[in-house]
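A.B. asks: Mind folding the following:
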Amino acid sequence: MNEMQLRFLSRSENEEFARNVVAAFALPLNPTLSELSDVKTAVSEAVTNCIVHAYRGGDGWIEVKCTAEGTRLHIEISDSGRGIDDLEKALTPFYTTLPEEERSGMGFTIMQTFMSQFSVQSERGKGTRVAMSKDFGTRGSDAR
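C.D. replies: Modelled structure (predicted):
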């Protein structure tokens, strides 16, 4: 088992950094290009949610924790921001709290679709934690 932790400010330029660090960490698990793309997309969505929703463009900390175990990558992305008022509604495709910013409301749906496992915990005023796992070598993600 291998582990890593990353902590960075909620700035848009750090989204690509986080995505690439997680992808580099996953490389020893021998993912296909499609599987690696799925992970990078899911990480991008989770980090962007922290930046846009948790901190509303202000500075706050985002933490990424990864564990590589066998052929599975576990990822946790958390913030200490606003939290989610209605988690059930937030998990509904196309729901967004910022329609004036032309947000698609598909972030959680994309994470859930691209990863093998997905869950969200959130507490108003205390933050949100997204936990995702990706099983490599199943080739299921290549069938899209």
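A.B. asks: Point to the residue nearest the middle of this protein.
C.D. replies: residue 46 (3.0 Å; C-alpha atoms, centre = their mean).
A.B. asks: where does this protein dip in pLDDT?
C.D. replies: Scanning the chain for pLDDT under 70 picks out 93-105, 138-144.
A.B. asks: can you map out the helices along the chain?
C.D. replies: 13-26, 33-49, 87-90, 107-114 (DSSP state H).
A.B. asks: And these: which comes nearest residue 136?
C.D. replies: Residue 136 lies closest to helix 33-49 among the helices of the chain, at 5.4 Å (C-beta to C-beta). Yep, even glycine has a C-beta here, placed from its N, CA and C like the rest.
A.B. asks: which residues sit against that closest one?
C.D. replies: Here helix 33-49 makes contact (C-beta atoms under 8 Å, 6 or more residues apart in numbering) with 12, 14-16, 18-20, 22-23, 26-27, 31, 62, 64, 73, 75, 77, 107-108, 110-111, 114-115, 128, 130, 132, 134, 136, 141-142, 144.
A.B. asks: Out of these, which end up buried?
C.D. replies: Among those, those buried by neighbour count (16 or more other C-beta atoms under 10 Å) are 14-15, 18-19, 22-23, 26, 31, 62, 64, 73, 75, 77, 107-108, 110-111, 114-115, 128, 130, 132, 134, 136, 141.
A.B. asks: What about the nearest residue to residue 87 once chain neighbours are set aside, how many residues nearby?
C.D. replies: Among residues not flanking residue 87 along the chain, residue 122 sits closest, at 5.5 Å (C-beta to C-beta, 6 or more residues apart in numbering). Neighbour count of residue 122, defined by other C-beta atoms under 10 Å: 20.
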